[in-house]
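Trainee: compute the structure for the input listed below.
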Amino acid sequence: MHKAVLALLGVALVPLPAAAQWREPAPAPGYRAGQPVVLGPAAAPETAEALPWEALRQQLGKRNRVMLFWEAELEGEVATRYREVETLDRHGHAAVTRSEGVDRDRYGHVGTSVAGADAGMHQRSERFLEAEAPAAPRVEGESRQIRAHFMEQLRQGGVRFIDRALATRLAGAAVEGERPNVHAIETRALAGHADYLLQVTSAVDLQSASGRAFHVVLLDVADGGTVLEFQTQAAPPAAAPGRYVATANGFERQAAAAPGLADVARVLALETARRMQGAL
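Mentor: Purely as a prediction, here's the structure:
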């Protein structure tokens, strides 16, 4: 037994050739000898987000025409009311003439003057019809940007957006008369050109990333049924922490990028699409 142990120790103490011995690794370019190598940051784990676009495209099928009411809702009136308005324009004028002369009598020179005046008035009246017809609100600024990104995202799911103004004009092209029923024309535009009516309105919400909270309603034009209705802040997920960068104060972590309007629109579109999947 002792002989076996001594034999093993003898093998362990045998000197190894220089090539087989451990050596300090050569420093990387730009580093001094004896300094540890600085490793690069680990890659952030990639989490694949399940997108609903293909499933939504299949569910919509041929009934994929959507008329979007952005910051607007369908009115409940079925007829357009009119009222006659009369405007009265009055204009007055006056002209004054004056003449002076000198007369002579036995007492000396006497001045005389004669004044005359001419006055008149013109009156013009105009009658026109004022209609209480539905009208799409003007969308500008940030709301317009969010709408554009929102529509761009939903188009990936096969949604075909129908322009409200153009569809209404097409439906009312053959209508004649001074008092058309614009509400009925808009209804025909919906029934003839769209399968769904999507209404998106918003209200101020200082707690949300965009400063607004959204209310979304999807209506089926065929039977008037409410397909879905929900409210959301459309808050984008928290951004990943920034990388460490070398600064005058040492290594500091970069601030995470703040979410933009495109991020809010993308979240709103994704939430709408996923809810449509469960409701259609």
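Trainee: in what helix or strand does the residue nearest to Pro52 when sequence neighbours are not counted lie?
Mentor: Among residues not flanking Pro52 along the chain, Ala273 sits closest, at 4.5 Å (CB to CB, 6 or more residues apart in numbering). Every residue, glycine included, has its C-beta placed from N, CA and C. Using DSSP states H and E, Ala273 falls within helix 261-279.
Trainee: contact partners for Gln153?
Mentor: 265-266, 269-270, 273 (CB atoms under 8 Å, 6 or more residues apart in numbering).
Trainee: oh sorry, the question was meant for Leu51
Mentor: Contacts of Leu51 by CB under 8 Å, 6+ apart are 156, 270.
Trainee: quick one: it and Pro237, what's the gap?
Mentor: Counting by CB to CB, to the nearest Å, the separation of Leu51 from Pro237 is 14 Å.
Trainee: for Ala273, same thing?
Mentor: From Ala273 to Pro237 the distance is 17 Å (CB to CB).
Trainee: when these two are compared, which one has more neighbours?
Mentor: Between Ala273 and Pro237, Ala273 has the larger neighbour count (other CB atoms under 10 Å), namely 21 against 9.
Trainee: just to check, the more buried one is in contact with Phe150?
Mentor: No: at 10.6 Å, Ala273 does not count as touching Phe150 under the criterion of CB atoms under 8 Å.
Trainee: could you pull out the helices for the stretch 101-250 of the chain?
Mentor: When assigned using DSSP state H, counting those that start in this stretch, the helices of the stretch 101-250 of the chain occupy the ranges 141-155, 164-171, 182-193.
Trainee: those helices into TSV, with extra columns for mean pLDDT?
Mentor: Listed next are the helices of the stretch 101-250 of the chain as TSV, based on pLDDT from 0 to 100:
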stretch	mean pLDDT
helix 141-155	94
helix 164-171	90
helix 182-193	88
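Trainee: those helices: which one's closest to Ser202?
Mentor: helix 141-155 (7.4 Å; CB to CB).
Trainee: in the closest one, what's buried?
Mentor: By 16 or more other CB atoms under 10 Å, the buried positions in helix 141-155 come out as 143, 145-147, 149-151, 153-154.
Trainee: cool, stretch 223-239 as well?
Mentor: Using 16+ other CB under 10 Å as the burial criterion, the residues of stretch 223-239 that qualify are 233-236.
Trainee: same deal with stretch 265-279?
Mentor: Of all the residues in stretch 265-279, those buried under the rule 16+ other CB under 10 Å are 265-273, 275-276.
Trainee: and stretch 57-77, by the same measure?
Mentor: 59-60, 64-70, 72, 74.
Trainee: show me where pLDDT drops low in the chain?
Mentor: Across the chain, residues meeting the criterion (pLDDT under 70) sit at 1-49, 76-139, 178, 239-242, 255-257.
Trainee: make it 50
Mentor: Scanning the chain for pLDDT under 50 picks out the ranges 5-6, 8-9, 11-12, 99, 102, 114, 128-129.
Trainee: tell me the strands in it, going along the chain?
Mentor: Taking DSSP state E as the test, the strands found in the chain are 65-70, 82-105, 108-131, 160-162, 196-204, 212-220, 226-232, 244-247, 250-253.
Trainee: Tyr196 and Arg63: what is the separation?
Mentor: Distance of Tyr196 to Arg63, computed by CB to CB: 8 Å.
Trainee: Ala248 now?
Mentor: 61 Å.
Trainee: check Phe69 too.
Mentor: 18 Å.
Trainee: now Pro52
Mentor: 17 Å.
Trainee: check Glu229 too.
Mentor: Taken as CB to CB, the span from Glu229 to Arg63 is 19 Å.
Trainee: Trp70 too?
Mentor: Note on Trp70: its distance to Arg63, by CB to CB, is 21 Å.
Trainee: which residues does Leu197 contact?
Mentor: Here Leu197 is in contact with 66-67, 69, 74, 190, 218-219, 221 (CB under 8 Å, 6+ apart).
Trainee: ok, these vs Glu176, which is closest?
Mentor: Leu190 (21.4 Å).
Trainee: dump the residue contacts of the closest one.
Mentor: 67, 167, 197, 221.
Trainee: just the C-alphas of stretch 156-165, formatted as CSV.
Mentor: Output of stretch 156-165 as CSV, limited to C-alpha atoms (Å, rounded to 0.1, in the frame of the first residue of the first chain):
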residue,chain,number,x,y,z
GLN,A,156,-50.8,43.8,-41.0
GLY,A,157,-53.8,41.8,-39.8
GLY,A,158,-55.7,42.2,-43.1
VAL,A,159,-57.8,45.2,-42.0
ARG,A,160,-59.0,47.3,-45.0
PHE,A,161,-59.8,50.8,-43.8
ILE,A,162,-62.6,52.6,-45.6
ASP,A,163,-62.4,56.4,-45.8
ARG,A,164,-65.5,58.0,-44.2
ALA,A,165,-65.6,61.1,-46.3
